[in-house]
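Chemist: I would like to see how this sequence folds:
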Amino acid sequence: MAALKTVTLSDGTVLPALGQGTWFVGDDPWRRDAEIATLREGIDLGLTLVDTAEMYGDGRSEDLVGEAIAPVRDRVYLVDKVLPCNASRRGTVQACERSLEVLGTDWIDLYLLHWPGSHPVEETVEGFEELIHRGLIGAWGISNFDADALGRFPSAPAVNQVLYNPSRRGPEFDLFPAQARLSSPVKTMAYSPIEQGRLLHDPTLGGIAEERGVTVAQVLLAWAIRSGDVIAIPKASRIDHVRDNAAAAGLELSAAELGRIDAAFPAPTRKVPLEML
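Modeler: Down below sits the predicted model:
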């Protein structure tokens with residue numbers, strides 16, 4: 001297994017460029033043991049960033065993640081999210097306390113505002129800062145915020161988690177440059193880097209994968225983390241799947257291969273609305 005690439009946050013935290021997403025994980029009780037085993041295998045392979053949210057399965061994902069990481073909690077960088085409807089100052093604190101109880105852990109490493117909502121972001125950040133002061137979270141960030149919204153925050157978030165893959169390249173035009181220009185640059189977490197499987201049968205990606213003797217999913221993951229500023233968080237529900245994901249760490253796409261992907265999925269030439277799933 002090749003050494004995992006890393007991404008360094010503005011506070012100096014070094015994270016693996018590949019993590020593990022858990023959307024829909026925990027929904028099927030018959031798959032619970034397999035999903036726990038898969039998360040633990042991924043952690044053993046270096047995919048130590050694990051992402052969840054209070055929204056996922058109304059806490060079922062958090063419950064499963066908590067059980068999976070309990071024996072190795074000190075090795076895991078845990079990411080969780082507060083729903084916008086809960087993101088007042090007091091609501092943010094209460095939501096985090098509930099998530100910690102479900103997770104069965106004393107702290108969350110990175111706590112995100114899941115998407116823009118009606119509560120002023122200043123109040124949400126006040127809640128985040130209270131949680132940091134109490135030692136319940138290590139840092140805070142955002143998810144699904146576009147470039148125009150970055151200026152609403154009183155200080156820079158650690159990360160912005162957005163939908164990003166070759167078919168969803170809008171953030172490259174304005175969001176990524178805006179994040180890089182901040183005095184504390186904001187890194188990106190890419191969710192659905194495989195577009196929930198919809199890109200697995202693309203002929204261009206399939207051709208590159210066949211020529212390199214890898215899977216299309218590995219090509220997509222290598223593409224997502226190619227810049228060094230993006231962390232991809234694919235979901236895996238089986239051990240063989242998470243092993244394939246981890247193996248993508250050693251795949252470097254050539255300039256010619258990247259050019260073929262650009263031709264099939266052109267980079268944006270104008271601002272487009274930020275897409276969400």
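
Chemist: what's the nearest residue to residue 56 once chain neighbours are set aside sitting at in phi/psi?
Modeler: Excluding the flanking residues, the one nearest residue 56 by C-beta to C-beta, 6 or more residues apart in numbering is residue 23, at 5.6 Å. Quick note: C-beta positions are derived from backbone N, CA and C, even for glycine. Recorded main-chain torsions at residue 23 are phi -60, psi 130, according to degrees, to the nearest 10.

Chemist: show me the contacts for residue 23.
Modeler: 53, 56, 61, 191, 235 (C-beta atoms under 8 Å, 6 or more residues apart in numbering).

Chemist: For residue 143, see how far away it is.
Modeler: Remark: distance between residue 23 and residue 143 (C-beta to C-beta, to the nearest Å) = 12 Å.

Chemist: Now do the shared contacts for the two.
Modeler: Listed as contacting both residue 23 and residue 143 by C-beta under 8 Å, 6+ apart are residue 191.

Chemist: Tell me the confidence at the residue nearest to residue 56?
Modeler: Reading off the confidence values, residue 23 has pLDDT 94.

Chemist: now swap in residue 3 and tell me
Modeler: 73.

Chemist: State whether it and residue 247 are indeed in contact, as I suppose.
Modeler: No: using C-beta atoms under 8 Å, residue 3 makes no contact with residue 247, being 11.9 Å away.

Chemist: which stretches of the protein form strands?
Modeler: 6-8, 14-16, 49-51, 77-82, 108-113, 137-143, 159-163, 187-191, 230-232 (DSSP state E).

Chemist: picking that back up, tell me the most packed of the contacts of residue 23, by neighbour count.
Modeler: residue 61 (26 neighbours; other C-beta atoms under 10 Å).

Chemist: Can you convert the strands of the chain into a markdown table and add a column each for distance to residue 125 and mean pLDDT?
Modeler: Below are those laid out as a markdown table (distance: least, C-beta to C-beta, whole Å; pLDDT from 0 to 100):
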| stretch | distance to residue 125 | mean pLDDT |
| --- | --- | --- |
| strand 6-8 | 23 | 96 |
| strand 14-16 | 22 | 97 |
| strand 49-51 | 20 | 98 |
| strand 77-82 | 12 | 98 |
| strand 108-113 | 9 | 98 |
| strand 137-143 | 7 | 98 |
| strand 159-163 | 14 | 98 |
| strand 187-191 | 18 | 97 |
| strand 230-232 | 22 | 98 |
